[in-house]
Every structure is written in C-alpha cells, then in structure tokens.
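Peer 1: Structure, please.
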Amino acid sequence: MIQMSLFEVPTEFKDRLEQLKEAGLDRTQAELLLQVELGFALMEHLELDDEPVTAP
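Peer 2: Coordinates of the predicted model:
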C-alpha cells in the first residue's frame, strides 16, 4: 500500500533523520527528537523566549 502525504518532506529533514538513525536511534525516537528540535527552532524564530521548555 502506498502512503500519500499532503506535502513533500524537506530533504533536510530526511537527511537529519538518517543521521540520527546512524547514531543509533530508531526511527520513532529520531522523529520525536526532530519534532522537539523544530519546536524549539520555531519558538526561537517567533521570539517566544518566555515560553516554558515543555511548550514544544
């Protein structure tokens, strides 16, 4: 079965996912870590410095 998505995953995301998997994380752990990293990057970009660390 082919799984379809509404958008194409960026190449950078795929590359970082592979780096994390090569470092010993399984796919689920690597994806979770990337989601948290992206959450913090978004908060930094939006200058939400006073948000709790649990926000992402």
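
Peer 1: Count the neighbours of residue 20 for me.
Peer 2: Neighbour count of residue 20, defined by other CB atoms under 10 Å: 19. In this view, the C-beta of every residue, glycine as well, is placed from N, C-alpha and C.

Peer 1: so where is the protein shaky, pLDDT-wise?
Peer 2: 1-5 (pLDDT under 70).

Peer 1: Please identify the helix or strand for residue 49.
Peer 2: Counting by DSSP states H and E, there is no helix or strand that carries residue 49.

Peer 1: same question, residue 30
Peer 2: Using DSSP H and E, residue 30 falls in helix 27-45.

Peer 1: helices and strands around that helix, which ones?
Peer 2: Contact here means 3 or more CB pairs under 8 Å, 6 or more residues apart in numbering; DSSP states H and E; on that basis helix 27-45 packs against helix 11-22.

Peer 1: Touching the helix it packs on from outside, list them.
Peer 2: The contact list for helix 11-22 (CB atoms under 8 Å, 6 or more residues apart in numbering) reads 27, 29, 30, 31, 33, 34.

Peer 1: how does it look with 10 Å?
Peer 2: With contact meaning CB atoms under 10 Å, 6 or more residues apart in numbering, helix 11-22 is reached by 8-10, 25-27, 29-34, 37-38.

Peer 1: Go through that helix and flag the buried ones.
Peer 2: Applying a neighbour-count criterion of 16 or more other CB atoms under 10 Å, the buried positions in helix 11-22 are 16, 17, 20.

Peer 1: Can you get me a residue count around residue 7?
Peer 2: Neighbours of residue 7 using other CB under 10 Å come to 5.

Peer 1: Residue 13 versus that one, what's the distance?
Peer 2: 11 Å (CB to CB, to the nearest Å).

Peer 1: Are any of the contacts of helix 11-22 buried, and if so which?
Peer 2: For the contacts of helix 11-22, buried by 16+ other CB under 10 Å: 25, 30.

Peer 1: quick one: which of the contacts of helix 11-22 is nearest to residue 46?
Peer 2: Using CB to CB, residue 38 comes nearest to residue 46 of these, at 12.4 Å.

Peer 1: contacting residues around that closest one?
Peer 2: 13, 16, 56.
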